[in-house]
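In: This is a predicted model, with the sequence first.
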Amino acid sequence: MDTPKPPQKSAHLLDDLESIRQLLGDDNLQPPLLTDTVVHEPVHEPVHDEQIPLLFDPINGQPEPKPAAKAETKGPDALLHLDRELRAAAQLIMQDVIDDFAPHIETEIKRRLDARMERLLSQYE
C-alpha cells in the first residue's frame, strides 16, 4: 500500500513557493479573472494593436446563431421523434460506458472468484 508523504515535505514546498513569490515582488497581486485582459508587451517584438476577443464577445463577420425553436411550437410527432432520438443516443452512450468497464469488472470478478476458490480449497486440506 502507499504510505502517506511526510507533512514536512509539503510545508517545505509551500515555504519555497512563498519565498519565490516574495522574491518576485508579487505580494499584493491577485490572479487575473477570466474577464480581465492581460496586457503583455514583449521586449523584442512590436506591440500588436489587435487583442484576442473575449469569449462572450461576438466575432465580427459571422452572424450570431439563431435561437433554437421552442419545443412547444412543434407538433407531438416531432416531440416523439426527438424523444426517440435522445433515448437512442443515451442508450449508445450507456453501451459505450458498459463496453469500457466490462473488462475491469470481469477481471475483478475473476480475482474474487480465485480468492474464494483458494479459501474453500484451503478449508478441505
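Out: Ah, there it is. Numbers count the residues shown, from 1 in each chain.

In: Could you pull up the mean pLDDT of stretch 21-34?
Out: Mean pLDDT, computed over stretch 21-34, is 67.

In: all strands of the protein, in order?
Out: Assigned strands in the chain: none (criterion: DSSP state E).

In: any weak-confidence spans in the chain?
Out: 1-10, 26-74 (pLDDT under 70).

In: report the longest helix in it, please.
Out: helix 76-123 (DSSP state H).

In: Packing partners of it?
Out: Using 3 or more CB pairs under 8 Å, 6 or more residues apart in numbering; DSSP states H and E as the contact test, no helix or strand touches helix 76-123. For every residue, glycine as well, the C-beta is placed using N, CA and C.

In: How many residues are close by Leu80?
Out: The number of residues packed near Leu80 is 11, by other CB atoms under 10 Å.

In: quick one: it from Ala90, how far?
Out: Per CB to CB, to the nearest Å, Leu80 is found 16 Å from Ala90.

In: Same question for Gln22.
Out: According to CB to CB, Gln22 stands 53 Å off from Ala90.

In: likewise Ile98?
Out: Taken as CB to CB, the span from Ile98 to Ala90 is 13 Å.

In: do Arg116 as well
Out: Taken as CB to CB, the span from Arg116 to Ala90 is 36 Å.
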